[in-house]
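>>> Generate a structure from the sequence data that follows.
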Amino acid sequence: MSLSEIGEWLLEFFQRFDDEVKLLLKEEPFWEVCHQCPDGYCCSKPTLPIMGEEWLLIQDYVKQNFSRQSKKRLLENIERARLQCIFLFGNRCSVYSVRPWACRIYPYTISFHTSPITFQVGGVALPSCPTLASAFGLKQDQLFFHYPNVLSRHSSRLVKCKLKKHKPLWLIDGSDYFRKYEAKMPKNEEGTLDGSNMHEWVEFAKLAKQKGYIDNSKFLSSFGLD
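Next up, the predicted model:
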């Protein structure tokens, strides 16, 4: 299965948001250092829920684009069931072009979507990485959610907000994105989020060792690692 055949809506969704990020970086160069992520700090955390379609996209990318050496490295990460993202090689994302939605939005996205399923409404998780924590008067690893006032709006989805001890910065108002993403999330019979079909990195890193949830050989073959 080709990338174009897996979640066509998702590919278009990612592209539209990536274009929005480009507009943001032109208006607010401050986020460029975070966008390039010089140390891979955010990717070292065992969080980020993703949908099955996003995993299919990543699996196809690995099979189509990873070299033998890269597949060996991924296999080692899986077998160790490490807490960090299994696709983090050194301090760089090895699947960057198809990285999940949750990886794309932090930390320059704010949402006023009324459902709190995927985001704290009107909140921004300020960077606690070694590179940017001091810019907001934070300590490294200090988790801080801020609810800023919107000072002005751009003709696109950009909004200028005052973030803690820093001068006002432009962010992306991701309300429409979050609304559409939630609409695509798997739901149970009661119409609420089906958590069994949303997964975190740490859970998938352990899948190769969890009998009864998915066969080890099947998990490895899904990435072309068998």
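
>>> hey, let's count contacts and neighbours off CA atoms from now on
OK.

>>> what's the distance between Asn65 and Val95?
9 Å (Cα to Cα, to the nearest Å).

>>> Next: Leu10.
15 Å.

>>> What of Asp18?
Taking Cα to Cα, one finds Asp18 at 15 Å from Val95.

>>> Quick check: closest non-adjacent residue to Phe14.
Distances taken as Cα to Cα, 6 or more residues apart in numbering put Trp101 closest to Phe14, at 7.1 Å, once the chain neighbours are dropped.

>>> doesn't Gly52 make contact with the one you found?
No. Taking contacts as Cα atoms under 8 Å, Trp101 lies outside contact range of Gly52: 12.0 Å.

>>> So for those two, which sits in the more crowded spot?
Trp101 (20 against 14; other Cα atoms under 10 Å).

>>> Can you show me the helices along this structure?
Applying DSSP state H to the chain gives helices spanning 8-27, 32-36, 52-65, 68-80, 101-105, 175-184, 201-206, 216-222.

>>> Tabulate those (TSV), appending distance to Ser152.
Output for those, formatted as TSV (distance: least, Cα to Cα, whole Å):
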stretch	distance to Ser152
helix 8-27	13
helix 32-36	21
helix 52-65	34
helix 68-80	44
helix 101-105	20
helix 175-184	16
helix 201-206	36
helix 216-222	46
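
>>> mean pLDDT for the ones you listed: which is lowest?
Here the lowest mean pLDDT among those goes to helix 201-206, at a mean of 51.
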